[in-house]
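> let me see the structure of the following:
(one chain, ligands or ions: 1)
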Amino acid sequence: MLDFLHADLEKRKTLGLTRQRRLLDSPQAEHITANGQRFLSFCSNDYLGLANDPALVAALQQAAAEAGVGSGASNLITGHHRYHDQLEHALAALVRQPAALLFSTGYMANIGVISALMGRDDAVFSDKLNHACLNDGAFLSRASHHRFPHNDVAALEKLLQASTARHKLVTADAVFSMDGDIAPLAAYLELCERYDAYLYVDDAHGFGVLGPQGRGTLQHLGLKSPRLIMMGTLGKAAGVAGAFVAGEQVVIDYLIQHANSYIYTTPAPPPLSAALLASVHEIEHGDARRQQLFAMIDLLKSELSLTRWHLLPSETAIQPLIVGDNFEALELSQNLQASGILVPAIRPPTVPVNTSRLRISLSATHREQDVRALIAAIQAAEREIPARKQA
Ligand code: PMP
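Coordinates of the predicted model:
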């Protein structure tokens, strides 16, 4: 087997697909130290700048002094702490859903929920660009899995119409993690009502950012229905770590009994929930942060003028710059790094072949001069880097 592993890694290298970790040696912020070098960063999902917020840090420290740092046991033994419980109630209230359940990560939430709700006689319908953990959830559930082209409502309708499954679950990223666009969730919900299906919305990138007071994409679109189940992550705009699922009380009660990634694991430490309670407060009262974020989004979109590369149409904090070729995307990322700016190159299999890109993510902590520096550096790089022919 080791020969196989070596060969795989070599092949990745020759295709320009090797992924590298960086050693971060500073708080997550708009300026970071990575691999010993200072960078202006457009890499993080800390869209509101809460990962390094003093109110959250103080809440965590205080709770650690009071409650300790370990959860000690799984949720159904003695691990479900008062801080976890308070956070579940605060999150449900924030997103205007009847009930919520905490998971340790968004990945665990997606695999846990889909595999608990769906079984052999059921069917899951997924957008082709859905996050990998939604697909993994469908796979684990053993339900039949149907993938439809990105945002294609008509294709989804055909699949739902043809399905004879016992239960049907449509899954989609609310805001696509590598494209930044918003799924046509109102149309999906209508289809779910027509074809007796349920809609599971992964709001990893909308929660905290979109909707009044950051209540998320469902509130942004004005959607409410017992057929909706949402997942929000807590390591992105909320600035900490973890995830929650929100929906009807009966769904949450069922998940507590059946979601393996909830039951058979130790919950995140209680102080993280205390920090997240402070984060919920900051999100709810975070209009100034959101205004700054959206000002930065507008600035980038209106001022970045390019001839060869282009931004995908996106109204969110995720602004993908499409380059196409793997090596060219990598070269652009490296060119920016040389000018002290960090933006990751995203390549297949994370994104489709020939759509390698720079995933620019903006945060409320960016200032106008930061975004202007990024724009100037990308425009200079476009002049310097020769175009490569795509494979
Ligand atoms: N869903 C989407 C759309 C995501 O982008 C991510 C994180 N990249 C996740 C789920 C997983 O969330 P977490 O990082 O909390 O595991």
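
> quick one: contacts of the helix or strand hosting Gly112?
Here Gly112 is covered by helix 106-117, with elements defined by DSSP states H and E. Outside helix 106-117, the residues that touch it by CB atoms under 8 Å, 6 or more residues apart in numbering are 103, 124, 131, 133-134, 136-138, 140-141, 167, 169, 171, 198, 200, 202, 204, 229, 231, 233, 235, 243-245, 251, 254-255, 258-262, 265. Every residue, glycine included, has its C-beta placed from N, CA and C.

> just those residues: which are in helices?
Using DSSP state H, the members of the contacts of helix 106-117 that fall in helices are 133-134, 136-138, 140-141, 251, 254-255, 258, 260-262.

> name the nearest of the residues you listed relative to Gln86.
Gln86 lies nearest to Tyr262 out of the ones in helices among the contacts of helix 106-117, by CB to CB, at 17.8 Å.

> I figured that closest one hits Phe103, correct?
Yes: in this structure Tyr262 lies within contact range of Phe103 using CB atoms under 8 Å: 6.0 Å.

> these two - which one has more neighbours?
More crowded of Tyr262 and Phe103, by other CB atoms under 10 Å: Phe103, with 27 against 24.

> that one contacts Ala246, doesn't it?
No: counting by CB under 8 Å, Phe103 does not reach Ala246; the two are 11.4 Å apart.

> and the spatially most central residue of the chain, how far from Thr316?
In the chain, the residue lying closest to the centroid (CA atoms, centre = their mean) is Ala204, at 3.6 Å. Taking CB to CB, to the nearest Å as the measure, Ala204 and Thr316 are separated by 11 Å.

> do the same with His146
His146 is 27 Å from Thr316, by CB to CB.

> please identify which of the two sits among more neighbours.
It is Thr316, of His146 and Thr316, that has more neighbours when counted by other CB under 10 Å, with 23 against 20.

> if you rank the ones in helices among the contacts of helix 106-117 by neighbours, which is first?
Of the ones in helices among the contacts of helix 106-117, with other CB under 10 Å as the count, Gly137 tops at 32 neighbours.

> contacting residues for that one?
Contacts of Gly137 (CB under 8 Å, 6+ apart): 110-115, 124, 171.

> show me the strands in the protein, by range?
31-34, 37-41, 99-103, 123-127, 144-148, 168-173, 198-202, 228-233, 243-247, 310-311, 318-324, 341-342, 345-346, 356-361 (DSSP state E).

> can I assume Gly232 is in contact with Val95?
Yes: counting by CB under 8 Å, Gly232 touches Val95, with 6.7 Å between them.

> identify the contacts common to those two.
With CB under 8 Å, 6+ apart as the test, Gly232 and Val95 both reach 207, 216, 246.

> ok, those residues vs the ligand, which is closest?
Phe207 (10.4 Å; CB to the nearest ligand atom).

> where's the closest residue to that closest one other than its chain neighbours relative to Leu94, distance?
With CB to CB, 6 or more residues apart in numbering as the criterion, Phe207 has its nearest non-adjacent residue at 3.6 Å, and that residue is Gly232. Gly232 is 9 Å from Leu94, where distance means CB to CB.

> more crowded one of these two?
Taking neighbours as other CB under 10 Å, Gly232 and Leu94 compare with Gly232 leading, 32 against 24.

> and the more buried one, bridged to which residues?
Phe244 (DSSP bridges).

> how far away is Pro270 from the ligand?
According to CB to the nearest ligand atom, to the nearest Å, Pro270 and the ligand sit 18 Å apart.

> give me the distance between that residue and Leu160.
Using CB to CB, Pro270 is found at 42 Å from Leu160.

> tell me the pLDDT of Leu17.
Model confidence at Leu17, given as pLDDT, is 81.

> thought it was touching Ile346?
No: using CB under 8 Å as the test, Leu17 is too far from Ile346 to be in contact (11.0 Å).

> higher neighbour count, these two?
Higher neighbour count among Leu17 and Ile346: Ile346, with 20 against 16, using other CB under 10 Å.
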